[in-house]
Each structure stands twice: as structure tokens, then as C-alpha cells.
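> Structure, please.
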Amino acid sequence: MSRVLALDIGSVRVGAAISDFNRVIAQGLGVWQIETWLKNFDDCVKKYDPEIILIGLPVRTDGTHGEACDNVKKVMAALEKSYPDKKFLTWDERFTTVIAQNVLISADVSRKSRRKHVDKIAAVLILESWLEYNRN
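Numbers count the residues shown, from 1 in each chain. Just a heads-up that it's a prediction; the model follows:
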């Protein structure tokens, strides 16, 4: 098998996580500012050579797709053109940011520190969910 790189693309930051080669463990890579995230993404693709790029799709709680989904799909289309040898998939990311916030709050992480880590944890949750789904 090969690795999967997961992204949680927001309007301000992008969280990233990577799987191990066996696709069992998800590890957070970092949080990148939206203005410069493409450079970090490119570095990760070169370093980890993932077979799949998994992008969190911000579906509304009622299951509909809104402007945020449209924006993520546009970013994904651009990435597919730039990286034609990679497989791109989307994964429903509903509630991952809320869960990530709750994890950080329960760990007594300060509000300032939570802002720095929440997107990375959301990316890990997206990847863990996808890995678990594909194990079954």
C-alpha cells in the first residue's frame, strides 16, 4: 500500500495529516496559512509521495452542499490538473472541527493554542474516518 494525505481546507488555514504505508495510523503534519499552503502541500507530496489526496468536504449538517463545498471542489480541480498522477477524493468532514475543538478544550489547551492546532486535528479526524471506513 501507499500513503494517504488528508487536507482540511478552510478560508484561513489548511490542516494536513498523513497515513502510514499500511493505512492504519493517521498523523498530523501541520497547519498552513491559506496564503502559502500550496508550497507546503507540494513539499508534502514530494516527501511522502501519497497515492491518494483526501480532501475534507464541508457538507452542511442537513447534507446539502453550499459555497464552502463549491470552493473546496474548485481547489481540488486545480490540484488535479497540477498533480495528474495523484488520485483525489473528497470525504464528508461534518463536525470534525467541532470534535477537534472539544478534544483540545478537554485537554485544557488555551484558546490561542487551539487556533494553531485545530485544523491539523480536523485533518487527522478526516483521515482516521476514511481509513476506518476503508478497513471495513
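
> And the contacts of stretch 56-71?
6-9, 11, 72-73, 90-94, 96, 122-123, 126 (C-beta atoms under 8 Å, 6 or more residues apart in numbering). Just so you know, the C-beta spots here come from the backbone N, C-alpha and C atoms, and that holds for glycine as well.

> Go again with 7 Å.
7, 8, 9, 72, 90, 91, 92, 93, 94, 96, 126 (C-beta atoms under 7 Å, 6 or more residues apart in numbering).

> Lowest pLDDT pick from those residues?
pLDDT across these is lowest for residue 96, at 63.

> Which parts of the protein are strands?
4-9, 13-19, 26-33, 52-57, 87-92 (DSSP state E).

> Convert the C-alpha atoms of the longest one to PDB, please.
If I follow you right, that is strand 26-33. Output of strand 26-33 as PDB, limited to C-alpha atoms (Å, rounded to 0.1, in the frame of the first residue of the first chain):
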ATOM      1  CA  ALA A  26      -3.100   9.000  10.800                       C
ATOM      2  CA  GLN A  27      -0.500  11.600  11.900                       C
ATOM      3  CA  GLY A  28      -0.900  15.300  11.900                       C
ATOM      4  CA  LEU A  29       1.500  17.200   9.700                       C
ATOM      5  CA  GLY A  30       0.700  20.800  10.400                       C
ATOM      6  CA  VAL A  31      -1.400  23.900   9.900                       C
ATOM      7  CA  TRP A  32      -0.600  26.100   6.900                       C
ATOM      8  CA  GLN A  33      -1.800  29.700   6.300                       C
END
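
> Which residues are in contact with residue 4?
Counted by C-beta under 7 Å, 6+ apart, residue 4 has contacts 19, 23, 50, 51, 52, 54, 127.

> can you do 8 Å?
18, 19, 23, 50, 51, 52, 53, 54, 127, 130, 131.

> Save these as a markdown table, and put in pLDDT and neighbour count too.
Listed next are the contacts of residue 4 as a markdown table, based on pLDDT from 0 to 100; neighbours: other C-beta atoms under 10 Å:
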| residue | pLDDT | neighbour count |
| --- | --- | --- |
| 18 | 97 | 20 |
| 19 | 97 | 26 |
| 23 | 95 | 18 |
| 50 | 97 | 19 |
| 51 | 96 | 15 |
| 52 | 97 | 17 |
| 53 | 97 | 21 |
| 54 | 96 | 25 |
| 127 | 94 | 28 |
| 130 | 92 | 22 |
| 131 | 93 | 19 |
